[in-house]
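Asker: Let's see this in three dimensions:
(4 chains, ligands or ions: 4)
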There are 2 protein chains.
Amino acid sequence: MPSDPWLAQLQSTGCRLTAARRAVTEVMQSAERALTPVEVYDAARKRDPRLGLVTVYRTLEKLESLRLIQRVHHSQECQAFLKAGEGHQHILLCERCGRAVLFDGDNLEALFERVGEQTGFEIKSHWLQLYGLCEECRTG
Amino acid sequence: MPSDPWLAQLQSTGCRLTAARRAVTEVMQSAERALTPVEVYDAARKRDPRLGLVTVYRTLEKLESLRLIQRVHHSQECQAFLKAGEGHQHILLCERCGRAVLFDGDNLEALFERVGEQTGFEIKSHWLQLYGLCEECRTG
DNA sequence: GTATAATCGAAAACGATTTTCAATAAAGGT
DNA sequence: ACCTTTATTGAAAATCGTTTTCGATTATAC
Ligand SMILES: [Mn+2]
Ligand SMILES: [Mn+2]
Ligand SMILES: [Zn+2]
Ligand SMILES: [Zn+2]
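Answerer: Ligands and ions are numbered 1, 2, ... in the order given. As a prediction, the model looks like this:
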């Protein structure tokens, strides 16, 4: 029974706790911005130098399937991963430094209603991402 | 001076009008859903059987840079292209048949204000995509 | 028509991701 | 602690979508 919630969830779904998974997990938990597989690899190898890139891919896939991390889409690069929040949240990204912040509490029901009527679609889900400048990039 | 607006715009930016570009243009103009490069290739070869996949990539890149088409991101596949609308619009996708509809007139200013205050970010742009079931997939 | 340079397609190169497979090591039972 | 089982690992190879290279083609201007 590991104290870390991600490791606990990994273990509870039948996974073994390995050095590789600990390293990737720590990197993803502490990242303030979305990381590509290679970025995760570089960061995690500081904790476990024997780690292979293949295992990074496999671990990211597992963490994503457990909804502990999520994919972040940029206009070009769509293979970056970020820790996921609890429940329904959206991402706000700094265009300059990449910092990512999660927020919730959109109120789009009225929009869905209107668009649904206009188009004949039944709206099931949505995807909202905001871009801007974080406080430090704005002032600094 | 071609009567087709896309071809006219291509020509006005110094492009030559070739069979390959005509074929890709026609496919993208008439598509009701986002198409991957290979799907464009398959469809366009019915008009120009000598067409090569490389040229499809190059033409899609050109059409995208002219903002005549746009990239559509799915959770996995992010290399599908759809004709772009005029001005600021968003995409509504049918989860079942893939049909894509554009809409405008979101009213997210209040949300941006609130999130900006909460996070210290200055919101610059956004990205909204809706998913649902189109009329035909709902009833049929 | 001819000249010129843009564009083309085939083949090769590239790079990110996935698969294969023998070695390793985590977890559970003794 | 030790052994057994089997999930997991990393290196190497395979795969696959995309890009580059390059000689041949062809749209356009004269
Ligand atoms: Mn939402
Ligand atoms: Mn909008
Ligand atoms: Zn920033
Ligand atoms: Zn549909």
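
Asker: Could you use CA atoms for every contact and neighbour count after this?
Answerer: Fine.

Asker: beta partners of the spatially most central residue of chain A?
Answerer: Centroid-nearest residue in chain A, with CA atoms, centre = their mean: residue A:82, separated by 2.3 Å. Note on residue A:82: beta-bridge partners by DSSP bridges are residue A:70.

Asker: Contacts only, for it.
Answerer: A:28, A:31, A:33, A:34, A:35, A:69, A:70, A:71, A:72 (CA atoms under 8 Å, 6 or more residues apart in numbering or on different chains).

Asker: Give me the pLDDT value at it.
Answerer: pLDDT recorded at residue A:82 is 98.

Asker: Kindly report the same for residue A:1.
Answerer: 73.

Asker: residues near it, how many?
Answerer: Residues near residue A:1, counting by other CA atoms under 10 Å in any protein chain shown, number 9.

Asker: Pretty sure it sits against residue A:16.
Answerer: No - contact status for residue A:1 versus residue A:16: not in contact, 11.7 Å apart, counting by CA atoms under 8 Å.

Asker: Now do the same contact list for the closest residue to residue A:29 other than its chain neighbours.
Answerer: Computed as CA to CA, 6 or more residues apart in numbering or on different chains, the closest residue to residue A:29 that is not its neighbour in sequence is residue A:83, at 6.3 Å. Taking CA under 8 Å, 6+ apart, we find residue A:83 in contact with A:28, A:29, A:31, A:34, A:68, A:69, A:70.

Asker: 10 Å instead, please
Answerer: Going by CA atoms under 10 Å, 6 or more residues apart in numbering or on different chains, residue A:83 touches A:25, A:27-35, A:63-64, A:67-72, A:100, A:102.

Asker: Could you report the distance from it to DNA strand D?
Answerer: As judged by CA to the nearest atom of the strand, to the nearest Å, residue A:83 and DNA strand D stand 19 Å apart.

Asker: just residue A:67 next, same as before
Answerer: Relative to DNA strand D, and taking CA to the nearest atom of the strand, residue A:67 is found at 17 Å.

Asker: Over to residue A:99?
Answerer: Counting by CA to the nearest atom of the strand - residue A:99 and DNA strand D are separated by 26 Å.

Asker: For that residue, list each beta-bridge partner.
Answerer: residue A:33.
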